[in-house]
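Q: quick one, what's the 3D model for this:
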Amino acid sequence: MNSRSEAAARAAFETLIDYAGLYPPAELGVDAAVAEYDDARASAAAWMLGRFIAGTQRAGAVAAAWRARGTGGALRLSAIAAVESDARRWFDSLRGALDAIVALRANPEVSVDALEIPLAVPVSARETYDAPVAQLRAALDRAGLGDLPVYVELPGHARRDELLPQTMATLARLRFGAKIRCGGLVAEAFPSVDAVAGFIAAAAAEGVAFKATAGLHHPVRHFNAATGFVMHGFLNLLAAAAFAPSSNAAELREIVAEEDPGAFAFDDSGFVWRGRRANLDDLRRMRATAFVGYGSCSFSEPVDDLTALGMLPAALA
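A: As a prediction, the model looks like this:
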């Protein structure tokens, strides 16, 4: 890579990977996950590393492990609110989770940089996500947390995809980002190509920033023989976010479904997918306002894969 293509790679991948070592499939203990994150901070690829992800129920233990490690400085945290999935208990559990986040912000060992908050599945098939999103904004403001970036995860629901345009408009109006889950431990946890493309298109239409999680260890969509699942690629999501403003639904679907690593490249003019180009300004704008990052329980796997594909020079990895 020359200096211009290195600049494009930096624009695309800087702080892209939030570390989620506490979660499956890695599911490390707190001490081991904190140590792995700290090691990643000292690596040549540290510029790609984002926040440490922890649920509110374990964030205190994470802060204690960070203090015991003695690295110095506050641990940058993306806190996942531990809430009930049952809509009838969701709001009460949300209040408890927000209390925990308020306490975390008073802890000098951590810097709470962002929140990730799952919504509950609506009780009735006729309900939308608008009411709980409005409740969430009011609760955050009352708790003094209205200044934090918040990424709202929409649960699986029969009408979720149908409601996406309306929901994204509500998220935009109430100053929220969105979160998409791209995999899990069972086949049903992996959304279809159409669902992922539809989510990105809806977010782009309303200017909603989003992050992703689960199933995105590797850059390009592929069949994983170890699990038997076809897994989405974070490079596919990045390309889809970059080209969403100028693409129709069929083009976005093609980008999300792409399984040829050779279709993606960085060159002197920026980032390329099958002749479509995003320049440096486009990449920086996309990362700031569209695809802001994704959670991965491994940091080394995506770095190693990008290096093998020639998308990261050795000096940056």
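
Q: residues in contact with the longest helix seen in the chain?
A: Ranked by residue count under DSSP state H, the longest helix found in the chain is helix 87-105. Helix 87-105 is contacted from outside by 56-57, 59-60, 63, 77, 79, 81-84, 110, 112, 115, 117, 119-123, 132, 135-136, 139-140, 143-145, using CB atoms under 8 Å, 6 or more residues apart in numbering. Any C-beta I mention is one placed from the backbone N, CA and C, and that applies to glycine too.

Q: out of the residues you listed, which sit inside strands?
A: Leu77, Ala79, Val110, Val112, Leu115, Ile117 (DSSP state E).

Q: now for the helix-or-strand element of the chain with minimal mean pLDDT, which elements pack on it?
A: Lowest on mean pLDDT, DSSP states H and E among the helices and strands of the chain sits helix 3-13, with a mean of 86. When contacts are defined as 3 or more CB pairs under 8 Å, 6 or more residues apart in numbering; DSSP states H and E, helix 3-13 packs onto strand 264-267, strand 270-273, helix 280-289.

Q: okay if I get those as TSV plus mean neighbour count, distance to Arg95 and mean pLDDT?
A: Listed next are these as TSV, based on neighbours: other CB atoms under 10 Å; distance: least, CB to CB, whole Å; pLDDT from 0 to 100:
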stretch	mean neighbour count	distance to Arg95	mean pLDDT
strand 264-267	19	44	94
strand 270-273	22	43	96
helix 280-289	17	30	97
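
Q: can I get the least confident helix or strand of the chain in PDB, CA atoms only?
A: Only the C-alpha atoms of helix 3-13 are listed here, as PDB (Å, rounded to 0.1, in the frame of the first residue of the first chain):
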ATOM      1  CA  SER A   3       0.600   6.500   1.500                       C
ATOM      2  CA  ARG A   4      -2.600   7.500  -0.200                       C
ATOM      3  CA  SER A   5      -4.200   4.000   0.100                       C
ATOM      4  CA  GLU A   6      -2.900   3.800   3.700                       C
ATOM      5  CA  ALA A   7      -4.800   7.100   4.400                       C
ATOM      6  CA  ALA A   8      -8.000   5.600   2.900                       C
ATOM      7  CA  ALA A   9      -7.600   2.500   5.100                       C
ATOM      8  CA  ARG A  10      -7.100   4.700   8.200                       C
ATOM      9  CA  ALA A  11     -10.200   6.700   7.300                       C
ATOM     10  CA  ALA A  12     -12.200   3.500   6.900                       C
ATOM     11  CA  PHE A  13     -11.000   1.500   9.900                       C
END
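
Q: buried residues in that helix, which are they?
A: Residues of helix 3-13 classed as buried by neighbour count (16 or more other CB atoms under 10 Å): Ser5, Ala7, Ala8, Ala9, Arg10, Ala11, Ala12, Phe13.

Q: just give the nearest non-adjacent residue to the fourth one, would you?
A: For Ala9, ignoring the flanking residues on the chain, the nearest one in space by CB to CB, 6 or more residues apart in numbering is Phe266 at 5.1 Å.

Q: repeat for the fifth one
A: Here the nearest residue to Arg10 in space, its sequence neighbours aside, is Trp47; by CB to CB, 6+ apart that works out to 6.9 Å.

Q: and that neighbour, that one's in a helix?
A: Yes: judged by DSSP: H, G, I helix; E, B strand; the rest coil, Trp47 forms part of a helix.

Q: next up, the contacts around it.
A: Neighbour list for Trp47: Arg10, Phe13, Glu14, Thr15, Leu316 [criterion: CB under 8 Å, 6+ apart].

Q: next one: Asn224
A: Applying CB under 8 Å, 6+ apart, we find Asn224 in contact with Val230, Met231.

Q: please name the bridge partners of it.
A: When assigned by DSSP bridges, Asn224 has beta-bridge partners Phe229.

Q: which pLDDT value goes with it?
A: According to the prediction, Asn224 has pLDDT 88.

Q: next: Val193.
A: Confidence score, pLDDT, at Val193: 97.

Q: out of the helices and strands packed on helix 3-13, flag the one nearest Asp305.
A: Closest to Asp305 of those is strand 264-267 (CB to CB; 11.8 Å).

Q: residues in contact with the spatially closest residue to Phe13 that is not a sequence neighbour?
A: Computed as CB to CB, 6+ apart, the closest residue to Phe13 that is not its neighbour in sequence is Met48, at 5.0 Å. Met48 makes contacts with Phe13, Glu14, Thr15, Leu16, Ile17, Phe299, Pro302, Val303, as judged by CB under 8 Å, 6+ apart.

Q: thank you, goodbye.
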